[in-house]
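[1] Have a look at this prediction, sequence included:
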Amino acid sequence: MKFLLGGLGIGLAAGILSGMVGIGGGVMIVPALVYVFGMDQHMAQGTSLLVLLPPSGLFAFLAYYKAGHVDVKLGVLIFVGVLLGGYLGGHWAQQLSGLALRRGFAAFMVIAAVNMWFKK
């Protein structure tokens, strides 16, 4: 039951946050998988990537697109970059220890949060 409710709850919360503030679901999903399901960092990140495969953001994208809040040309360019970057980053992550990977993920979240907090 924990597996079913926990999985659906994490997905619902990540979807809501993704749709509301445009965060990548991994910012919420990875820590939840580590702390709720006891996964190691590599397993949590790999599972999060599965979730983020299309069409996970399709409905949120459609809502923004219908409202005229999508730059399609720029989005396609970023998408191409994400394909290459995802391949490279996934390969490089396998070379790191779980501890180094977790600390890097945490540092990224802290830097992003501090930057957003103080930016006007």
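    Looks like it came in fine. Residues are numbered from 1 along each chain as shown.

[2] And for Gly81, the neighbour number?
    Around Gly81 there are 10 other residues, counting by other C-beta atoms under 10 Å. In this view, the C-beta of every residue, glycine as well, is placed from N, C-alpha and C.

[3] same question, the one 5 residues further on
    The criterion is other C-beta under 10 Å. On that basis, Gly86 has 12 neighbouring residues.

[4] list the contacts for it?
    Leu49 (C-beta atoms under 8 Å, 6 or more residues apart in numbering).

[5] and the host helix or strand of it, how far from the chain's centre?
    Secondary structure assigned from DSSP states H and E places Gly86 in helix 72-93. Centroid displacement of helix 72-93 relative to its chain, using C-alpha atoms, centre = their mean, to the nearest Å, is 13 Å.

[6] Then stretch 4-13?
    Taking mean C-alpha positions (C-alpha atoms, centre = their mean), stretch 4-13 and its chain are 15 Å apart.

[7] Which positions within it qualify as buried?
    Gly7, Ile10, Gly11 (16 or more other C-beta atoms under 10 Å).

[8] Now Tyr64. Nearest residue, chain neighbours left out?
    Sequence neighbours aside, Val70 is the residue nearest to Tyr64 in space, at 5.3 Å (criterion: C-beta to C-beta, 6 or more residues apart in numbering).

[9] now stretch 43-62: how far from the chain's centre is it?
    7 Å.

[10] rewinding a little: burial count for the residue nearest to Tyr64?
    14.

[11] Can you pull the phi/psi pair for it?
    Per-residue torsions, Val70: phi -140, psi 130 (degrees, to the nearest 10).

[12] Distance of the spatially most central residue of the chain relative to Ala67?
    With distances taken as C-alpha atoms, centre = their mean, the residue of the chain nearest its centroid is Gly26 (2.4 Å). In this view, Gly26 and Ala67 are 25 Å apart by C-beta to C-beta, to the nearest Å.

[13] So, low pLDDT: which residues of the protein?
    54-56 (pLDDT under 70).

[14] try 80
    Across the chain, the ranges flagged by pLDDT under 80 are 17-25, 52-57.
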